[in-house]
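Trainee: Curious how this folds, go ahead:
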Amino acid sequence: MSRIHDALKKADRERAGAEPVDVAALLEVSQPSVGPEPSIAPPAARPARPRESEVVATATLDHLRFEDLQARCARPEWRPDPMESVFNPALGMSGAEQFRTLRSRLYQFRSTQPLRVLLITSSVAGEGKTFVTSNLAEAIIRQPDQRVLIIDSDLRCSRLHSPLGAPSSPGLTNYLRGDADETGIIQIGRQGNLCFIPGGSKVTNPSELLSNGRLKNLLDRVTPIFDWVILDSPPCLPVADARVLADFCDGLLLVVKAGSTPCAVVQRARQELQDKTIVGAVLNSVQPQDLSSSSYYAHGYYGPDQTESEIK
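Mentor: Numbers count the residues shown, from 1 in each chain. Below you'll find the model as predicted:
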């Protein structure tokens, strides 16, 4: 992540002017980006689809089936916030290409080691974790035959429901307290291949709930029927929740806000997560003057205060 380190040091020295709004920027992931995006085969662990004549299993069986969720889960009408999606056609070519590149690099990483449950975190609050989570999920489901479950595991400040325009409860806290089962908290979107677990009701003991064993049980039951399970977590420095969550995930992405997060803070976050599998970083909200002339400039999404993005 040397280029992110250099960019953050430059931002520390030259930070000035208004902060830009969230736009996906530098994508630094372990695998190289050279060559075409690899073909995607359905995960071997996905259970076979049952015949229509088979009886639908109940949610209490050891192994869930996607057809069970389709038959039993809620399908509320989502009202997505158009300003939160880089794929909104009314806004032009927002930052979509950057998220396609991130998607491609994650698949490249998965070609060499297991990566299905992904945690997205940051050093401190306000760096764009939720923005990255929702748009990465949308990038993945735009491919054929890909199923994604996104989980709002930030039980202290749940807001993943906002860009989706989805109900915020019942959700993860209700499941962790034993008040609901999987089918009671999973929502299915209009497309049918994007599912969502909101944060749920407010609680006073989020760390204890995340550590009580029910989250692992939930992930063990739902992961085999999805291609990706993506968790939006709290920032890793103020609270210990991200470290707890990382133990249940195959890898994590670290989101860093350019021109805002001090380099020393990012270094502290890396130290905090040194025993976890960091698959890469996303540098968010990069300003044009911070981009080198050799960079690839994406002709992206520009509002009044929005900026161009970089891929390296």
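Trainee: Can you measure across stretch 66-86, start residue to end residue?
Mentor: End-to-end distance for stretch 66-86, by Cα to Cα, to the nearest Å: 28 Å.
Trainee: Off-centre distance for it?
Mentor: When C-alpha coordinates are averaged (Cα atoms, centre = their mean, to the nearest Å), stretch 66-86 and its chain have centres 16 Å apart.
Trainee: in that stretch, what counts as buried?
Mentor: 66-69, 72-73, 78, 80, 84-86 (16 or more other Cβ atoms under 10 Å). Using the backbone N, CA and C atoms, a C-beta is placed for each residue, glycine as well.
Trainee: average pLDDT across it?
Mentor: Across stretch 66-86, the average pLDDT comes to 91.
Trainee: Check this structure for its longest helix and report it.
Mentor: helix 96-110 (DSSP state H).
Trainee: What is it packed up against?
Mentor: Counting contacts by 3 or more Cβ pairs under 8 Å, 6 or more residues apart in numbering; DSSP states H and E, helix 96-110 is packed against strand 27-29, helix 129-141, strand 278-284, strand 309-311.
Trainee: Out of the ones you listed, flag the one nearest residue 250.
Mentor: Residue 250 sits nearest to strand 278-284 of all the helices and strands packed on helix 96-110, at 8.4 Å, using Cβ to Cβ.
Trainee: by contact count, what packs against that closest one?
Mentor: helix 2-14, strand 27-29, helix 96-110, helix 129-141, strand 251-257.
Trainee: mean pLDDT lowest for which of these?
Mentor: Among the helices and strands packed on strand 278-284, strand 27-29 scores lowest, with a mean of 43.
Trainee: returning to that earlier point: tabulate the helices and strands packed on helix 96-110 (CSV), appending mean neighbour count and distance to residue 225.
Mentor: Formatted as CSV, these follow (neighbours: other Cβ atoms under 10 Å; distance: least, Cβ to Cβ, whole Å):
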stretch, mean neighbour count, distance to residue 225
strand 27-29, 23, 26
helix 129-141, 25, 14
strand 278-284, 24, 22
strand 309-311, 24, 32
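Trainee: Residue 223: which of the ones you listed is closest?
Mentor: helix 129-141 (14.9 Å).
Trainee: Against which helices or strands is that closest one packed?
Mentor: helix 96-110, strand 117-122, strand 148-152, helix 161-164, strand 194-197, strand 228-232, strand 251-257, strand 278-284.
Trainee: which residues sit against that helix?
Mentor: Contact partners of helix 129-141, identified using Cβ atoms under 8 Å, 6 or more residues apart in numbering, comprise 22, 24, 84-87, 95-96, 99-100, 102-103, 120-122, 146-148, 150, 154, 159-160, 162-164, 191, 193-194, 227-228, 230, 232-233, 235, 253, 255, 282, 284.
Trainee: Looking at the buried residues of stretch 66-86, which are in strands?
Mentor: Nothing among those maps onto strands, per DSSP state E.
Trainee: Identify the residue spatially nearest to the residue minimising distance to the centre of the chain, adjacent ones excluded.
Mentor: In the chain, the C-alpha nearest the mean C-alpha coordinate belongs to residue 133, at 2.8 Å (Cα atoms, centre = their mean). When the adjacent residues along the chain are set aside, residue 133 lies closest to residue 232, with 4.2 Å between them (Cβ to Cβ, 6 or more residues apart in numbering).
Trainee: pLDDT score for the one you found?
Mentor: pLDDT at residue 232 comes out at 97.
Trainee: from memory it sits against residue 120, does it?
Mentor: Yes. With contact defined as Cβ atoms under 8 Å, residue 232 counts as touching residue 120 (5.7 Å).
Trainee: what bridges to the residue lying closest to residue 153 once chain neighbours are set aside?
Mentor: The shortest distance from residue 153 to any non-neighbouring residue, by Cβ to Cβ, 6+ apart, is to residue 231 (4.6 Å). Beta-bridge pairing of residue 231 under DSSP bridges involves residue 119, residue 151.
Trainee: hang on, isn't residue 231 packed against residue 118?
Mentor: Yes. Applying Cβ under 8 Å as the test, residue 231 and residue 118 come out as touching, 7.1 Å apart.
Trainee: With neighbour numbers in mind, choose between these two.
Mentor: residue 231 (28 against 21; other Cβ atoms under 10 Å).
Trainee: Could you check how far that one is from residue 75?
Mentor: 22 Å (Cβ to Cβ, to the nearest Å).
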